[in-house]
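J.: Got a predicted model here, sequence first, then my questions.
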Amino acid sequence: MIQVENLCKHFEIRHRHKNSWAVLRNFLKRDSSTLKAVDDISFSIQKGEMVGYLGPNGAGKSTTLKMLTGLLVPTSGRLEVNGFVPWQSRQKYVAQIGAVFGQRSSLWWDLPTIESLELLQHIYKIPTARFSSNLEMFKKLLDLDEFLQSPARSLSLGQRMRADLCAALMHDPAILFLDEPTIGLDVVAKQRIREFIQQINQDRGTTIILTTHDMADVQKLCTRAMMIDHGKLLFDGALSDLQNRFGGQRRLIVDFEEPPTQLKLANATIISQEALRITFAFARETRVAELISALTRDHAIRDLRVEEPEIEATIRAIYEGNLLSA
Ligand SMILES: Nc1ncnc2c1ncn2[C@@H]1O[C@H](COP(=O)(O)OP(=O)(O)O)[C@@H](O)[C@H]1O
Ligand SMILES: [Mg+2]
């Protein structure tokens, strides 16, 4: 459904100088550099998939989505969505897709929300019966009734996002692009948006790509994650593999029968101790069975469990570790 090959988007950055001599020199000799916002990425996405596109700020997520939706023309590479080259046949293409850019509304600012939706009906030539049944459904799922008569400018961020989601889906697009759909929302509003996205994917089989830097979004919604940083695709696969590949240390939490003395374990370090409970950290490669048999040799143990690091901690470690330079 989506094929991306060696996709690049480079921006020319002009350097500005404060001192006038530098300005003159700048004028005489072009002083610019190239920013590789998206740098040679390839992937493909099947119909009905829901993919999380992760990365820190400035990683290149929005730029990728803008190329996928046809708003930006790539510097190089190949891109095909549902049989279309997005920026070449935009008119026909936009009928296939829906897009929500979290930072910018697609609604008319001063029109009552319902009139924005009606305008979209004309633009997309949505048959009236279809329009009505979709509107009924989205009204229920997204609780639109409370603000359908209010203009976009007066909506809260959460309401605006709900209205934008509705607007993006009224013409039954096969693919939905969501750029930071939960940004700035409180926990309850986020949850509601996530449930809606999940339902659309399940009930309608809509292919969804969602960019976010909120790991909980991906954890709750996606089984597949792609990760980008500095324009490079660092990872593409199952969320659980991301964990396995980049996940930091695991933890072994042990409840002893009595305060342990002379406690030492090869391949594990004690990271906390409270009363009879001791928490060890150990590398992913270390075999848990070995740790446990070493422990039970010398100590009486009441209970133990192994904890995987939170995906959020994993991602943070990846970001902080700057994998590209590794
Ligand atoms: N129109 C533009 N001109 C110059 N640089 C841009 C432009 N759009 C984005 N960038 C730069 O490209 C990089 C990637 O931006 P973006 O795709 O918006 O990142 P993300 O959405 O992951 O936060 C950033 O360094 C950003 O400053
Ligand atoms: Mg962005």
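T.: Nice, I can see it. Ligands and ions are numbered 1, 2, ... in the order given.

J.: which residues in the stretch 151-300 of the chain form strands?
T.: Using DSSP state E, counting those that start in this stretch, the strands found in the stretch 151-300 of the chain span residues 175-179, 207-212, 224-229, 232-238, 250-256, 268-274, 277-282.

J.: any chance of the ones you listed in a markdown table, plus mean neighbour count?
T.: C-beta coordinates here come from the backbone N, C-alpha and C atoms, glycine included. Below are the strands of the stretch 151-300 of the chain laid out as a markdown table (neighbours: other C-beta atoms under 10 Å):
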| stretch | mean neighbour count |
| --- | --- |
| strand 175-179 | 24 |
| strand 207-212 | 24 |
| strand 224-229 | 22 |
| strand 232-238 | 17 |
| strand 250-256 | 18 |
| strand 268-274 | 13 |
| strand 277-282 | 19 |
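
J.: Return the residues in contact with residue 10.
T.: With contact set as C-beta atoms under 8 Å, 6 or more residues apart in numbering, residue 10 has these partners: 34, 35, 36, 37, 75.

J.: Retrieve the pLDDT associated with the first one.
T.: By that I understand residue 34. On the pLDDT scale, residue 34 is placed at 89.

J.: That one belongs to a helix, doesn't it?
T.: No - Residue 34 is assigned strand when assessed by DSSP: H, G, I helix; E, B strand; the rest coil, not a helix.

J.: In this structure it contacts residue 9, no?
T.: No - contact criterion C-beta atoms under 8 Å: residue 34 and residue 9 do not qualify, at 10.6 Å.

J.: These two: which has the busier surroundings?
T.: residue 9 (22 against 10; other C-beta atoms under 10 Å).

J.: Quick check, the more buried one in contact with residue 71.
T.: No - look at residue 9 against residue 71 with C-beta under 8 Å: they stay out of range, at 11.1 Å.

J.: Just give the nearest non-adjacent residue to residue 303, would you?
T.: residue 255 (4.3 Å; C-beta to C-beta, 6 or more residues apart in numbering).

J.: any idea how far that neighbour is from residue 261?
T.: Between residue 255 and residue 261 the computed distance is 16 Å (C-beta to C-beta, to the nearest Å).

J.: near ligand 1, which residues of the protein?
T.: 11, 35, 37, 55, 57, 58, 59, 60, 61, 62, 63 (C-beta under 6 Å from any ligand atom).

J.: of all of the stretch 1-150 of the chain, which residue lies closest to ligand 2?
T.: residue 62 (3.2 Å; C-beta to the ion).

J.: Quick check: which element contains that residue?
T.: helix 61-68 (DSSP states H and E).

J.: can you give me the helices for this protein?
T.: Assigned by DSSP state H, the helices in the chain fall at 20-28, 61-68, 90-94, 113-123, 128-142, 157-169, 187-204, 215-221, 239-246, 288-298, 311-321.

J.: With respect to burial, which of those helices scores highest?
T.: helix 61-68 (a mean of 24; mean count of other C-beta atoms under 10 Å).

J.: Using CSV, write out the CA atom coordinates for that one.
T.: Taking Å, rounded to 0.1, in the frame of the first residue of the first chain, the C-alpha atoms of helix 61-68 are listed here in CSV:
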residue,chain,number,x,y,z
LYS,A,61,8.9,12.8,11.3
SER,A,62,6.8,15.6,10.0
THR,A,63,8.9,16.0,6.9
THR,A,64,8.3,12.4,6.0
LEU,A,65,4.6,12.7,6.6
LYS,A,66,4.5,15.9,4.4
MET,A,67,6.1,13.9,1.6
LEU,A,68,3.7,11.0,2.1
